[in-house]
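Asker: just to be clear, the model below is a prediction. Sequence and coordinates:
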Amino acid sequence: MPLDAICLSAVKNELSGQITGMKIDKVQQPERDVIILSLRGNGGQTCRLLISAGADDARVHLTEFKLDNPNRPPMFCMLLRKHLTGARIIEVKQPPAERVISIRLETSDAMGDRTEKQLIIEMIGRLSSVILTDNDGIIIDCLRRIGGELTGKRSVLPGLLYRNPPAQEGKLNPLEVTATDFSALLETVKANRSDEQIDKWLISAFTAFSPLICREIVWRAYGETDFRIYSMSDDGAALQKAFSELISQAGSGSFEPWLISSHDKKPMDFSFTHIGQYENAYIAERESSFSALLDGYYTKSAQEKRIRQRSSATLKIITTARERLIRKLNTQRLELDETSKRDFYRECGDMITSNIHLLKKGQQLFMAEDYFSSTGGLREIKLDTLKTPQQNAAKYYKAYTKAKNAQTILTKQIENGEKELEYIESVIELIKRIENESDLNEIREELLATGYIKQKRTDSKEHKKGKKKHSNQKESSPHRFISTSGMRIYVGRNNMQNDRLTLKTAAKSDMWFHAQKIHGAHVVVSCAGSFADEKTRREAATLAAYYSAARLDSKVPVDYTFIKNVKKPSGGRPGMVIYNDYKTIITTPDENLVKQLRDDS
């Protein structure tokens, strides 16, 4: 994993200066392998420390993301609350070259006496865990209990004395290797494994290095990552120089948080030093901190993946409804085209009626003078041989009436269908933009209310219980922002919230923003009786563009007006409004501005 022991030491150094002296205010466990510690400093500053013991994403760092908590906290979370709430962090430590972080805590025991405890985070693949020990190093409990029969070396169980993970056999700590040691190792491997790739040898010889760093050392030495030992013509001088420079950087604590992303902004890798091996294939960007680096690489990506998984069923339901509606609309449009023949049917009826004295029962065709045509001529009219002339005329008049009525009905049905399709498209766009489980639940509630999702049958007791729970459920709040000039800006999270924000919460004098003719959130600037300044209007327009289907576009037209000019059309679906007396701003969606203006208070 990219978070090797050296990169972890950079994280440890950063956290030491940020959280030492802070107290644990809250303990939460939003997921099986994730612990969130809400911290508070003496000066009133707050932050959230995320601890993950996932097999593929074990880590510890400060986070800006708010994860949804389960209705009932797990037992390990309750235990941590009992022992750690109110505890003060006095030190953040790391054993040399190990992927382990230990947080020393000062707290009170059951008698109220001051004592110390340790919260140990082991980030060692499938055996990753979070372990709480007392003042004597005895394990109180752990997130993942490990018996000796699983590892063959040590047990991690309540009541046992905690021991550090065993060192990797046959591997050296690179921070303790001298130039002489390195040369001797290289000579040995040249004699025995000269055809091996150098990066593979580095991984097998040294602990604390990720494959990324091993490849980077080789690239810095020879300009390629798959260079082999037998290809060295300098007796390894360039390799030793690159190795020594990187170790010197790590030893001095000169760490830099670098994120490697694809050109479409997808995180690919990260490191504590600038990575040059990818050259122009990927983009290297320096982050503001290691916490921001890990938060973006792991937490944001994991949250997006988790939400995609949980929203897939809802997205499938609404996408199926869209496809069904599109097929229905296409059929209705074809039927509407057929009604264009209605005047032809009426004209045929009129011509039969005016020439009825010339017709006889049993005729198949009638060539009538076409006085409806500007060029004159004859029109061939087909007749039913079993009907009288009067009945044939009535048949054409009936076809005319049917087509005329169908034209009226189909036009209305297509109009309603197009509005419904617009609503469905807006829901699909909302599902793509949801940020947490609450957003998804509200969209599902909306789809239940509009009939796209059917309520499962339950017995009367469960149904009443569910109704009571639903009635007590608190409605979520819109996204909140504060403009540069200090004005409050609200952004709806879903269609029903858009309606509440625009039609119930906002004052008539507030300003309303929406991306022009595309699906997006309602944005309201709370003016409090004043007028929003130009910069606030532009910032609100940028938010409206960002929270719309045009998020990836460079120039987005955004309409804005006063709330008093926004109305709900009769029979309109959730989130649909009409407005007048508006102006338009052309803006570019800006994620950095969104983060800058967000109000998390």
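Answerer: Ah, there it is.

Asker: could you measure from residue 65 over to residue 142?
Answerer: Applying Cβ to Cβ, to the nearest Å, one obtains 25 Å for the distance of residue 65 from residue 142. Every C-beta, even on glycine, is put in place using the N, C-alpha and C of the backbone.

Asker: who's more crowded, these two?
Answerer: residue 142 (22 against 16; other Cβ atoms under 10 Å).

Asker: what's the nearest residue to residue 185 once chain neighbours are set aside in contact with, if anything?
Answerer: Spatially, and ignoring its direct neighbours in sequence, residue 185 is nearest to residue 205 (6.2 Å; Cβ to Cβ, 6 or more residues apart in numbering). Residues counted as contacts of residue 205 (Cβ atoms under 8 Å, 6 or more residues apart in numbering) are 171, 172, 185, 189.

Asker: in strands only, show me the residues you listed.
Answerer: Judged by DSSP state E, the contacts of residue 205 include no members of strands.

Asker: using PyMOL, make a named selection holding only the buried ones among those.
Answerer: One line in PyMOL is enough to select the buried ones among these; burial here means 16 or more other Cβ atoms under 10 Å:
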select buried, resi 172+185+189
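
Asker: closest to residue 234 out of the contacts of residue 205?
Answerer: Using Cβ to Cβ, residue 189 is the member of those that sits closest to residue 234, with 15.4 Å.

Asker: what's the spacing between that closest one and residue 200?
Answerer: 10 Å.

Asker: and residue 246, by the same measure?
Answerer: The gap separating residue 246 from residue 200 is 17 Å, by Cβ to Cβ.

Asker: over to residue 492?
Answerer: The span separating residue 492 from residue 200 equals 53 Å under the rule Cβ to Cβ.

Asker: comparing the two, which residue is more hemmed in?
Answerer: Of the pair residue 492 and residue 200, residue 492 is the one with more neighbours under other Cβ under 10 Å, namely 24 against 17.

Asker: which SSE is residue 18 in?
Answerer: Element membership for residue 18 (DSSP states H and E) is helix 5-19.

Asker: show me what the mean pLDDT comes to for that helix.
Answerer: Confidence for helix 5-19, expressed as mean pLDDT, is 95.

Asker: can I get that helix in PDB, CA atoms only?
Answerer: Taking only C-alpha atoms (Å, rounded to 0.1, in the frame of the first residue of the first chain), the coordinates of helix 5-19 have been written out as PDB:
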ATOM      1  CA  ALA A   5       6.100   3.100   7.300                       C
ATOM      2  CA  ILE A   6       8.100   6.200   6.100                       C
ATOM      3  CA  CYS A   7       5.000   7.900   4.800                       C
ATOM      4  CA  LEU A   8       3.200   7.100   8.100                       C
ATOM      5  CA  SER A   9       6.000   8.700  10.000                       C
ATOM      6  CA  ALA A  10       5.300  11.900   8.100                       C
ATOM      7  CA  VAL A  11       1.600  11.600   9.100                       C
ATOM      8  CA  LYS A  12       2.700  11.000  12.700                       C
ATOM      9  CA  ASN A  13       4.900  14.100  12.700                       C
ATOM     10  CA  GLU A  14       2.000  16.200  11.400                       C
ATOM     11  CA  LEU A  15      -0.600  14.800  13.800                       C
ATOM     12  CA  SER A  16       1.800  15.300  16.800                       C
ATOM     13  CA  GLY A  17       1.800  19.000  16.200                       C
ATOM     14  CA  GLN A  18      -2.000  19.200  15.600                       C
ATOM     15  CA  ILE A  19      -3.700  17.000  18.200                       C
END
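
Asker: in terms of secondary structure, what does that helix contact?
Answerer: Using 3 or more Cβ pairs under 8 Å, 6 or more residues apart in numbering; DSSP states H and E as the contact test, the elements touching helix 5-19 are strand 46-52, strand 59-62, strand 88-93, strand 100-108, helix 290-294.

Asker: got the buried residues for the first one?
Answerer: Using 16+ other Cβ under 10 Å as the burial criterion, the residues of strand 46-52 that qualify are 47, 48, 49, 50, 51, 52.

Asker: which one of those sits closest to residue 558?
Answerer: Nearest to residue 558, judged by Cβ to Cβ, of these is residue 48 at 33.1 Å.

Asker: was I right about the closest one contacting residue 40?
Answerer: No: between residue 48 and residue 40 no contact is recorded; they are 10.6 Å apart, counting by Cβ atoms under 8 Å.

Asker: quick check: pLDDT value at the residue nearest to residue 185.
Answerer: Looking at residue 205, its pLDDT reads 91.

Asker: which non-adjacent residue is nearest residue 487?
Answerer: Excluding its sequence neighbours, the residue lying closest to residue 487 (Cβ to Cβ, 6+ apart) is residue 536, at 4.9 Å.

Asker: contacting residues for the one you found?
Answerer: If a contact means Cβ under 8 Å, 6+ apart, then residue 536 has 483, 484, 485, 487, 489, 525 as its contacts.

Asker: need the three-state assignment for residue 264.
Answerer: coil (DSSP: H, G, I helix; E, B strand; the rest coil).

Asker: number of residues surrounding it?
Answerer: In terms of burial, residue 264 registers 7 neighbours under the definition other Cβ under 10 Å.

Asker: next: residue 87.
Answerer: Counted with other Cβ under 10 Å, the neighbours of residue 87 add up to 23.

Asker: any idea which of the helices and strands packed on helix 5-19 gets closest to residue 325?
Answerer: Closest to residue 325 of these is strand 46-52 (Cβ to Cβ; 42.2 Å).

Asker: ok now the closest one, how far from the chain's centre?
Answerer: 20 Å (Cα atoms, centre = their mean, to the nearest Å).

Asker: show me what that strand is packed up against.
Answerer: Counting by 3+ Cβ pairs under 8 Å, 6+ apart, the elements that strand 46-52 packs against turn out to be helix 5-19, strand 34-40, strand 59-62.

Asker: next helix or strand past the last one?
Answerer: Counting by DSSP H and E, the next helix or strand C-terminal to strand 59-62 is helix 75-84.

Asker: got the angle for that next one vs strand 34-40?
Answerer: Taking axes from the mean of the first three to the mean of the last three Cα atoms, to 10 degrees, one finds helix 75-84 and strand 34-40 inclined to each other by 30 degrees.

Asker: can you mark which positions in helix 75-84 are buried?
Answerer: By neighbour count, with 16+ other Cβ under 10 Å as the criterion, the buried positions of helix 75-84 are 76, 77, 79, 80, 83, 84.

Asker: residue 526 against residue 505, yeah?
Answerer: No: taking contacts as Cβ under 8 Å, residue 526 lies outside contact range of residue 505: 9.3 Å.

Asker: so where's this protein uncertain?
Answerer: For the chain, the stretches with pLDDT under 70 are 1-2, 148-152, 456-475, 601.

Asker: the helix or strand containing residue 396 packs against which elements?
Answerer: Here residue 396 is covered by helix 389-433, with elements defined by DSSP H and E. Contacts defined by 3+ Cβ pairs under 8 Å, 6+ apart place helix 389-433 against helix 301-338, helix 342-354, helix 437-449, helix 495-499.

Asker: now the most centrally placed residue in the chain: how far from residue 255?
Answerer: For the chain, the residue whose C-alpha lies nearest the mean C-alpha position (Cα atoms, centre = their mean) is residue 304; its distance is 3.2 Å. Shown here: residue 304 relative to residue 255, a distance of 27 Å by Cβ to Cβ.

Asker: got a list of what residue 393 touches?
Answerer: Applying Cβ under 8 Å, 6+ apart, one finds that residue 393 lies in contact with 349, 352, 353, 356.
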